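Student: pasting the sequence and the predicted model now:
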Amino acid sequence: MAKHARKLFRPIDQVICASSLDQDRGLLALPPNYFNHTITDPPYSEYVHRKKMSGSSKGAVSTPVTFDALTLEELQTMAFEIVRTTSGWAQIFCADDDMRSWREALSAAGAMRWVTCIWTKPNGTPQFRGEGPSQPCEHIVTAWCGEGRPIWNGGGKMGHYSVPTEPSSTRRHETQKPLRLMKNLVLDFTMPGDLISDPYGGAGTTGMAARVTGRRYVLWEMDKDHAERSSAWIGAASEQLSIERMYHRARGAAFGDEPQPSSEQSEMNLAASSPAQPA
Ligand SMILES: C[S@@+](CC[C@H](N)C(=O)[O-])C[C@H]1O[C@@H](n2cnc3c(N)ncnc32)[C@H](O)[C@@H]1O
């Protein structure tokens, strides 16, 4: 063995503060099929980004985004890297205007296009000028990257997820997805112990959903503050989960069956769990 052999980059349960397209610390440094699944919410294309930033989103009040748009070249490179490193499902959140680019890029990279799921928001933003309907949903382009027949846990149900947006009091990122939505996707599309990649981590919701459902995760986030905060959030919630589990086990042993907290209550606790100061 070479004296100074380079340590292999094989991350697990980590938020990596780097570009997911970095040569040394991104997807490019990982072997094929390293992940079971990819679930991610990338920045908009330049076209959609311009529309959102100019406030011409058809009368809806949209939150200005602070990160850059994806160029078509970056989108295509990312689609290729996702398909190369994923052996199961790839799920990409995108605006309706960007659906075609993602579907074409994933197909060109060798994935089997499956369906585009939708996320509807019962508390979604109305069209304030009343000139026409507001945008009813967000899209999740869903493709199978593996060999053989796709498998999931949802039987024959529709790929429709109706979940309220995260309240602003617990939101940590301008485009944060609700924990319940991400948990539902993880439960439907992945199995316990699976390793899930999110190359555009944001507040870390995919990682948190993986953590609380017994899956593993690797997230990338370029923004240092978001990377540190998401890592601390998942860490703090992990501690809280272990304490809750120990408590329920002890109560169970002492008094027989104890009811577990409802999943809504436990989501609220997790969403509000305050991250420790980053190391
Ligand atoms: C749409 S947000 C993701 C929000 C996330 N779904 C959540 O629930 O918080 C996209 C994030 O990707 C990050 N980002 C953009 N390009 C990146 C890249 N090449 N590598 C890693 N992170 C990137 C941005 O800083 C931004 O925080």
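Tutor: Ah, there it is.

Student: list the helices and strands the helix or strand in which Ser101 is found packs on?
Tutor: Using DSSP states H and E, Ser101 sits within helix 99-108. In terms of contacts (3 or more Cβ pairs under 8 Å, 6 or more residues apart in numbering; DSSP states H and E), helix 99-108 is packed against helix 72-85, strand 89-94, strand 112-120, strand 137-144. Bear in mind the C-beta positions are built from the backbone N, C-alpha and C, glycine included.

Student: ok, it near the ligand or not?
Tutor: No. Helix 99-108 does not reach the ligand (Cβ under 6 Å from any ligand atom); its nearest approach is 13.6 Å.

Student: can you give the contact residues for that helix?
Tutor: Here helix 99-108 makes contact (Cβ atoms under 8 Å, 6 or more residues apart in numbering) with 45, 72, 75-76, 78-80, 82-83, 90, 92, 94, 113, 116, 139, 141, 143.

Student: the inter-axis angle of that helix versus strand 137-144?
Tutor: Computed by axes from the mean of the first three to the mean of the last three Cα atoms, to 10 degrees, the angle separating helix 99-108 from strand 137-144 equals 10 degrees.

Student: list the buried ones in helix 99-108?
Tutor: Ser101, Trp102, Arg103, Ala105, Leu106 (16 or more other Cβ atoms under 10 Å).

Student: which ones are touching the residue of the stretch 151-279 of the chain found nearest the ligand?
Tutor: Closest approach of the stretch 151-279 of the chain to the ligand (Cβ to the nearest ligand atom) occurs at Gly202, with a separation of 2.4 Å. The contact partners of Gly202, taken as Cβ under 8 Å, 6+ apart, are Asp41, His173, Thr175, Gln176, Lys177, Glu221, His226, Ser230.

Student: pretty sure the fourth one sits in a helix.
Tutor: Looking back up the chat, that one is Gln176. No. Per DSSP: H, G, I helix; E, B strand; the rest coil, Gln176 lies outside any helix segment and is coil.

Student: number of residues surrounding it?
Tutor: Neighbour count for Gln176, taken as other Cβ atoms under 10 Å: 19.

Student: okay, now the unreliable bits of this structure?
Tutor: Residues of the chain meeting the criterion pLDDT under 70: 1-4, 55-64, 257-279.

Student: can you pull the residues of the protein lying near the ligand?
Tutor: Neighbours of the ligand within the chain, by Cβ under 6 Å from any ligand atom: 19-21, 41, 43, 67, 173, 175-177, 199-200, 202-203, 205, 220-223, 226.

Student: any of those buried? List them.
Tutor: Using 16+ other Cβ under 10 Å, the buried members of the residues of the chain next to the ligand are 19-21, 41, 43, 67, 173, 175-177, 199-200, 202-203, 205, 220-222, 226.

Student: go through those and flag which are in strands.
Tutor: Using DSSP state E, the subset of those located in strands is Trp220.

Student: roughly how far does Met191 sit from Arg215?
Tutor: Using Cβ to Cβ, to the nearest Å, Met191 is found at 8 Å from Arg215.

Student: more neighbours: which of the two?
Tutor: Neighbour totals were compared for Met191 and Arg215, and Arg215 leads with 22 against 16 (other Cβ under 10 Å).

Student: contacts only, for that one.
Tutor: By Cβ under 8 Å, 6+ apart, the contact list for Arg215 reads Val186, Thr190, Met191, Pro192, Gly193, Asp194, Leu195, Ile196, Ala209.

Student: tell me, how many residues neighbour the last one?
Tutor: Same thing as Ala209. For Ala209, the number of neighbouring residues by other Cβ under 10 Å comes to 28.

Student: for the fourth one, same thing?
Tutor: The number of residues packed near Pro192 is 9, by other Cβ under 10 Å.

Student: wait, it touches Gly214, no?
Tutor: Yes. Shown here, Pro192 and Gly214 form a contact pair, counting by Cβ atoms under 8 Å, at 4.4 Å.
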